[in-house]
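In: Turn this into a model:
(chains A and B)
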Amino acid sequence: DAGITQSPRHKVTETGTPVTLRCHQTENHRYMYWYRQDPGHGLRLIHYSYGVKDTDKGEVSDGYSVSRSKTEDFLLTLESATSSQTSVYFCAISDNSQGGSTDTQYFGPGTRLTVL
Amino acid sequence: SQKIEQNSEALNIQEGKTATLTCNYTNYSPAYLQWYRQDPGRGPVFLLLIRENEKEKRKERLKVTFDTTLKQSLFHITASQPADSATYLCALYSSASKIIFGSGTRLSIRP
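Out: Numbering: from 1, shown residues only, chains lettered A, B, ... in the order given. So this is what the prediction gives:
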């Protein structure tokens, strides 16, 4: 999985509780992404980061926040989890080096989150 | 808005045949297109990239075509094997280093 770990791998929580998912990379890639994957919807971008403290929203960012204080770590927080946020969450990294960048994504193993 | 469609949710074929998966897009002119493989319980894995000025790209038993007029990419697996069974995702560059993914086609190869 290209030097990417996600923690926890599985989590069950209750509606209204805060949840933080962690993505850690050892590749020193500049770009990091959080996606959610749901049946029938494929992978949808939640937030992404293009550097330390530099983040931007994806197409399904409502209810989520992110932080990146170090190159290697990208945190996804659900401030108050809802049942609609039950999903599989994937972190991805991308090199995007200068010249002919292709944004190839390297994915972590995923976190299965269930909100009851 | 930009849209990607992978026409088949599932495709079942006999071992040894060629599997052909389709990816169509609208309202968009991507500089390149990517294909990923995803096995159950795992994250997607990058397979191939094809640029807008390339008609065809090959890697071992895999072949990808890119028709910018039809706004379509075809992904072929020749001499398919049961180990090729997986979900295959197409993806397009959107903007500002963001990728849009299709919902995937689940391919099953029966012995």
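In: what about residue 23, how many neighbours?
Out: Using chain A. 26 (other C-beta atoms under 10 Å in any protein chain shown). Where you see a C-beta, it was placed from the backbone N, CA and C, and this is true even at glycine.
In: The chain in question should be chain B.
Out: Counted by other C-beta under 10 Å, the residues lying close to B:Cys23 total 26.
In: Identify the bridge partners of it.
Out: Applying DSSP bridges to B:Cys23 gives these bridge partners: B:Gln6, B:Ser73.
In: same check, this time on A:Leu43
Out: Going by DSSP bridges, A:Leu43 forms beta bridges with A:Gln37.
In: Kindly report the same for A:His47.
Out: A:Trp34, A:Lys57.
In: okay, it: pLDDT?
Out: pLDDT, A:His47: 95.
In: Spell out which residues sit in contact with it, please.
Out: A:Tyr33, A:Trp34, A:Thr55, A:Asp56, A:Lys57, A:Gly58, A:Ser61, A:Tyr64, A:Ser65, A:Val66, A:Leu76 (C-beta atoms under 8 Å, 6 or more residues apart in numbering or on different chains).
In: Buried by neighbour count, from these: which ones?
Out: A:Tyr33, A:Trp34, A:Thr55, A:Gly58, A:Ser61, A:Tyr64, A:Val66, A:Leu76 (16 or more other C-beta atoms under 10 Å in any protein chain shown).
In: Tabulate the contacts of A:His47 (a markdown table), appending pLDDT.
Out: Shown next, in a markdown table, are the contacts of A:His47 (pLDDT from 0 to 100):
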| residue | pLDDT |
| --- | --- |
| A:Tyr33 | 94 |
| A:Trp34 | 97 |
| A:Thr55 | 94 |
| A:Asp56 | 92 |
| A:Lys57 | 92 |
| A:Gly58 | 91 |
| A:Ser61 | 94 |
| A:Tyr64 | 97 |
| A:Ser65 | 97 |
| A:Val66 | 98 |
| A:Leu76 | 98 |
